[in-house]
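**Q** based on what follows, work out the 3D shape:
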Amino acid sequence: MANDKISLNALIEEAEAAKLSLNAYLLPQSAAELEITEEELLAKMAQMLKVMEEAAAYGLTGVRSHSGLTGGSALKLQNAAAQPGFNKLLGALATDAVTYAIAVSECNAAMGRIVAAPTAGAAGVLPGVLLALKKHCNLTEEQLARALVVAGQIGLVIAARASLAGAVGGCQAECGSAAAMAAGAAVDALGGTPAQAGTAVSIVFKNMLGLVCDPVAGLVEVPCIKRNGGAAVQALLAAEMALAGIGSFIPADEAIDAMKWVGDSMPCALRETAGGGLAQTPTALAWAKAWFERE
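**A** Modelled structure (predicted):
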């Protein structure tokens with residue numbers, strides 16, 4: 001499973017050797033690759049954050065998808081969490097991350113404007129985590145913009161070594177990659193070391209390896225939307241473990257390579273074709289039949 005295209009491990013080692021945070025090391029490199037200034041790159045990231053916030057806000061209006069299959073879940077969770085007697089089993093930060101992640105995914109299902117991070121089907125994970133950190137950890141816009149630079153570089157490594165597409169690698173390649181991007185970005189934004197960011201990436205893939213892509217009727221709604229919420233929690237879990245000093249026996253590059261191997265080994269039915277998994281349950285098949293007849 002060796003792959004020499006791009007190495008996250010190498011970037012981490014270089015940042016550690018330079019005694020820089022991952023975002024400080026990657027920012028000038030990323031700006032140079034795009035042939036823009038660092039200030040221009042951060043401005044682009046700030047604009048993406050604005051779109052993420054707008055997508056979450058739209059999702060929290062209770063908007064429903066054209067199919068009518070999904071919508072309103074983010075608003076329902078937000079309203080429930082606001083009640084004094086509601087037990088936030090995940091804690092306030094994680095509950096908000098799930099709420100935002102679902103909201104952005106519901107915005108996507110309703111054909112709203114989102115940031116593919118890295119894909120539309122996984123668009124809620126990174127905003128969910130970052131917006132929750134902004135609310136609960138008082139992160140500034142610049143810190144979040146720099147976190148997006150880190151997330152983007154992690155995504156580039158995954159794309160080069162494996163895939164970001166559910167049709168190629170299952171949902172481990174979509175929600176799994178989004179969670180890895182969010183976990184590494186969160187660690188960096190909260191002051192973790194480059195090595196800890198890499199650990200968070202590895203932990204995510206350990207926990208999400210083998211996740212299939214099985215959209216009901218081929219729509220990016222069920223189980224995709226709730227899966228975004230679950231992936232946001234996986235990202236927070238990995239980030240917290242890494243920040244606590246817990247290491248990973250498997251390095252990030254090798255975890256990504258393992259994801260590719262598993263994706264390549266998946267049958268076609270479990271890679272976005274709606275030919276297996278939840279998409280082939282009796283309830284899903286009956287709904288899909290009625291949907292296609294109406295349409």
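**Q** quick one, helices of the protein?
**A** Along the chain, the segments classed as helices by DSSP state H run 8-17, 22-34, 38-59, 73-81, 92-109, 125-137, 141-161, 166-169, 175-189, 194-208, 224-243, 252-265, 282-294.
**Q** which of these sits most buried?
**A** Stretch with highest mean neighbour count among the helices of the chain: helix 175-189 (a mean of 33; mean count of other CB atoms under 10 Å). C-beta: built from backbone N, CA, C; applies to glycine.
**Q** JSON lines for the helices of the chain, including distance to His66?
**A** Shown next, in JSON lines, are these (distance: least, CB to CB, whole Å):
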{"stretch": "helix 8-17", "distance to His66": "38"}
{"stretch": "helix 22-34", "distance to His66": "35"}
{"stretch": "helix 38-59", "distance to His66": "15"}
{"stretch": "helix 73-81", "distance to His66": "16"}
{"stretch": "helix 92-109", "distance to His66": "8"}
{"stretch": "helix 125-137", "distance to His66": "22"}
{"stretch": "helix 141-161", "distance to His66": "29"}
{"stretch": "helix 166-169", "distance to His66": "20"}
{"stretch": "helix 175-189", "distance to His66": "22"}
{"stretch": "helix 194-208", "distance to His66": "29"}
{"stretch": "helix 224-243", "distance to His66": "14"}
{"stretch": "helix 252-265", "distance to His66": "30"}
{"stretch": "helix 282-294", "distance to His66": "10"}
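**Q** can you tell which of those is closest to Pro215?
**A** helix 224-243 (5.9 Å; CB to CB).
**Q** Val115 is nearest to which of the helices of the chain?
**A** Smallest distance to Val115 across these (CB to CB): 5.1 Å, for helix 38-59.
**Q** quick check: which helices or strands does the closest one pack against?
**A** Counting contacts by 3 or more CB pairs under 8 Å, 6 or more residues apart in numbering; DSSP states H and E, helix 38-59 is packed against helix 22-34, helix 73-81, helix 92-109, helix 125-137, helix 141-161.
**Q** what about dumping the CA coordinates of that helix to PDB?
**A** This file holds the C-alpha atoms of helix 38-59, laid out as PDB (Å, rounded to 0.1, in the frame of the first residue of the first chain):
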ATOM      1  CA  GLU A  38      -1.200  34.600   2.100                       C
ATOM      2  CA  GLU A  39      -3.600  37.400   2.800                       C
ATOM      3  CA  GLU A  40      -5.600  36.600  -0.300                       C
ATOM      4  CA  LEU A  41      -5.700  32.900   0.600                       C
ATOM      5  CA  LEU A  42      -7.000  33.700   4.100                       C
ATOM      6  CA  ALA A  43      -9.600  36.000   2.600                       C
ATOM      7  CA  LYS A  44     -10.800  33.100   0.400                       C
ATOM      8  CA  MET A  45     -11.000  30.900   3.400                       C
ATOM      9  CA  ALA A  46     -13.000  33.500   5.300                       C
ATOM     10  CA  GLN A  47     -15.400  33.700   2.400                       C
ATOM     11  CA  MET A  48     -15.900  29.900   2.500                       C
ATOM     12  CA  LEU A  49     -16.500  30.200   6.300                       C
ATOM     13  CA  LYS A  50     -19.200  32.700   5.600                       C
ATOM     14  CA  VAL A  51     -20.900  30.400   3.100                       C
ATOM     15  CA  MET A  52     -20.700  27.600   5.700                       C
ATOM     16  CA  GLU A  53     -22.400  29.800   8.300                       C
ATOM     17  CA  GLU A  54     -25.100  30.800   5.800                       C
ATOM     18  CA  ALA A  55     -25.700  27.200   4.900                       C
ATOM     19  CA  ALA A  56     -26.100  26.200   8.500                       C
ATOM     20  CA  ALA A  57     -28.500  29.100   9.100                       C
ATOM     21  CA  TYR A  58     -30.600  28.100   6.100                       C
ATOM     22  CA  GLY A  59     -30.700  24.500   7.200                       C
END
